[in-house]
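S.K.: coordinates for the following, if possible.
(2 chains)
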Amino acid sequence: MDFSAINPALLIASLMVAATAVMIAAIGELITEKAGVLNLGVEGMMITGAVCGFAVAVGTGSPFLGFLAAAGGGAVLSFLFAVLTQFALANQVASGLALTLFGLGLSSLIGQNYVGIRPPPTPRLDFGPLSDLPVVGPILFNHDPMVYAGLILVALTWAFLKYTRAGLILKAVGENHDAAHALGYKVIRIRILAILFGGACAGLGGAYISLIRVPQWTEGMTGGVGWIALALVVFASWKPWRVLLGAYLFGGVTVLQLNLQAAGVAIPAEYLSMSPYLITIVVLVLMSFDRSGAPASLGRTFHASQ
Amino acid sequence: MLLKKRSFLAGAATAAAMTALSTGAAFAQDDVTKVGFVYVGPINDGGWTQHHHESAMKMVEEIGSDKVELVYQENVPEGPDAERAMTQMALNGADIIFSTSFGYMDPTVNVAAKFPDVKFEHATGYKTGDNMAAYSARFYEGRAVQGTIAGHMTKSNVIGYIASVPIPEVVRGINSAYLHAKKVNPDVEFKIIWLYTWMDPAKEADAARTLIEQGADVILQHTDSTAPLAAAQEAGGVIGFGQAGDMAEYAPSPRVSSIIDNWAPYYIERVEAVMDGTWESHNVWEGIDTGMVGIGEITEAVPEDVKAEALAIKDAIASGEYHPFTGPIKKQDGSVWLEEGEVADDGTLAGMMFYVEGIEGSVPQ
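M.R.: Below you'll find the model as predicted:
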């Protein structure tokens, strides 16, 4: 056993990388659910975003355009869900599951010609001498832009929900769509926007995996991260900062268990391997005892005539 | 809740794929030998499944597409889903079915019992039956060559090993690589991470990065994607090896060599045996000698003398004059496993679930 091999600064730096994809996707789903829509298609939108982003980044040579395309791809797929659930009034759970299946298949189809290709590298943000600082340098000043974008997104989402009128309207639609409708708010339009935002975020999260974290395209490469994102939203009681906490906890335990295994810690590998899921769920369940978060209209279909 | 959702999805995906399979199969003709393949990953994973599939297609090409028809199903989870996939293939008139992952062993036994007229071939397992054969490759022979190169190439004396699922095949690979790295570099240390998956690029990349952060400058992998090589390349100054496939897109560095699975000759032989009625159940284990285990080109990133030494070991194994597990070898707890000059028997190797002396940590049970 050799703990000295584990460098805490590098550990924290890698947990931020490991957490970013699930965090961005979860924030998108949080907004969707706050508007009262349960979209279980996160996994499908993520993988679609992953392949769209990869294809465009390879085609144009620009990772930035890749991420843009990923957000677009995720949003387009989520629009399908929006049409099904908001206009055709289809069941949200079934539509979401179908979206995941569809996304997985569609991404394999698009990705056929991209296997074994290397994407253009995403440059890290250059903070000059700050990046060379001991401990603080690798943790705070040596990441790719998406890590910071993810953090900013969480902050903006929190501020949007707490301080803006639009955020208040979004929450009103999610809590009681009949009342919101009676007040003259366009329930369907607001929900569609929320769904599109969720899709775009899921797409970004997926592209983070295919363009930065791995980086390559492989079928099914999101490997269930979308489901983790969905669970995070629930266990985080629909609060943005708790999503951040949950994601970092999940990423942290994931990276830590790999480090402990490599350092030869005497805990059996099978327990270490399950620890990220277990610890994240236990902590967030303990935190969610106040039960205040679930939007009252979550998953309910709205039609103006009813 | 999460698990239920996911298994439901896997089931639904399988069901959907099988519907497609059965409609396609309805047009099959009787004079054509129908060969089924069940794959654990996608056919373009760049590794394990891709090489099974390429070998299968080579088999069709060799025998002739007018005489043999290939049906396959990708991404079949190990367990009950595999049983359904194979049952469906058998019901649709498959004459021989290859199940190409260790976890399909018991499902194959079950389905083989239900369809006595269909031949079954299971890869990398040890159970057989009247109509079920087992075939596997001696990957540990390739690991001996890898270990030799790894031991010479490491400057930090730390070698990272990304292990997949704790089964004897993987443990054999670790032991073989360790013994041969140790032989050429007594200071070498192995850091092993178990991922409990054959393929998950994100996890593989995280594991490779963790090993590199902890000082490893050579990464060996028993998982199927190229993600660890991508991580090695990003880190710089780190080398790795192609697994199951050549992974030549990362040559000459970080990929300095590879273990290539070549199943085509075996598939051709076995399908032809079904066609002329000479098929019999067996349990074979082929290695470098028959070409089932191939060593990918050793690139110029490896010094000439190291390359020569690695190739010498390869040739010695191929000719049968050297066995990678030749004593004296002790088990991890210090007890003697093989005496001086003693060679491991296949029975022990097939069930090998222990580390040799010098490796830290324990094998997950």
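S.K.: which residues in the chain form helices?
M.R.: As the question left the chain open, I've gone with chain A. Assigned by DSSP state H, the helices in chain A fall at A:8-34, A:42-60, A:63-82, A:92-111, A:136-140, A:145-163, A:165-175, A:177-182, A:187-208, A:225-235, A:240-262, A:269-287.
S.K.: um, chain B though
M.R.: Secondary structure of chain B (DSSP H): helices at B:2-25, B:48-63, B:80-91, B:105-114, B:139-153, B:168-184, B:201-213, B:227-235, B:264-275, B:304-319, B:346-350.
S.K.: turn those helices into CSV, columns for distance to B:Phe120, mean neighbour count and mean pLDDT.
M.R.: For the C-beta atoms, the positions are set from N, CA and C on the backbone; glycine is no exception. Putting the helices of chain B into CSV (distance: least, CB to CB, whole Å; neighbours: other CB atoms under 10 Å in any protein chain shown; pLDDT from 0 to 100) gives the following:
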stretch, distance to B:Phe120, mean neighbour count, mean pLDDT
helix B:2-25, 17, 14, 44
helix B:48-63, 15, 20, 92
helix B:80-91, 8, 21, 94
helix B:105-114, 4, 20, 95
helix B:139-153, 22, 27, 95
helix B:168-184, 19, 23, 94
helix B:201-213, 31, 27, 92
helix B:227-235, 32, 25, 89
helix B:264-275, 11, 19, 94
helix B:304-319, 30, 16, 94
helix B:346-350, 19, 14, 87
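S.K.: pull the number of nearby residues for the residue of the stretch 1-150 of chain B found nearest chain A.
M.R.: Residue nearest to chain A within the stretch 1-150 of chain B: B:Pro42 (3.9 Å; CB to the nearest CB). Applying other CB atoms under 10 Å in any protein chain shown, we find 21 residues neighbouring B:Pro42.
S.K.: wouldn't it be in contact with A:Trp217 here?
M.R.: No: using CB atoms under 8 Å, B:Pro42 is not in contact with A:Trp217; the gap is 11.0 Å.
S.K.: contacts only, for the one residue in the stretch 51-200 of chain A that gets nearest to chain B.
M.R.: As assessed by CB to the nearest CB, chain B sits closest to A:Val115 within the stretch 51-200 of chain A, at 4.4 Å. Counting by CB atoms under 8 Å, 6 or more residues apart in numbering or on different chains, A:Val115 makes contact with A:Trp217, A:Thr218, A:Glu219, B:Asn44, B:Asp45, B:Gly46.
S.K.: now the residues you listed as CSV including neighbour count and pLDDT?
M.R.: Output for those, formatted as CSV (neighbours: other CB atoms under 10 Å in any protein chain shown; pLDDT from 0 to 100):
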residue, neighbour count, pLDDT
A:Trp217, 28, 89
A:Thr218, 31, 85
A:Glu219, 23, 83
B:Asn44, 20, 80
B:Asp45, 28, 76
B:Gly46, 27, 74
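S.K.: could you pull up the mean pLDDT of stretch A:19-33?
M.R.: Across stretch A:19-33, the average pLDDT comes to 96.
S.K.: quick one, what contacts the residue in the stretch 101-250 of chain A that chain B sits nearest to?
M.R.: Nearest residue of the stretch 101-250 of chain A to chain B: A:Glu219, at 3.9 Å (CB to the nearest CB). Contact analysis of A:Glu219 by CB under 8 Å, 6+ apart lists A:Ser107, A:Ser108, A:Gly111, A:Val115, B:Gly41, B:Pro42, B:Asn44, B:Asp45, B:Asn75.
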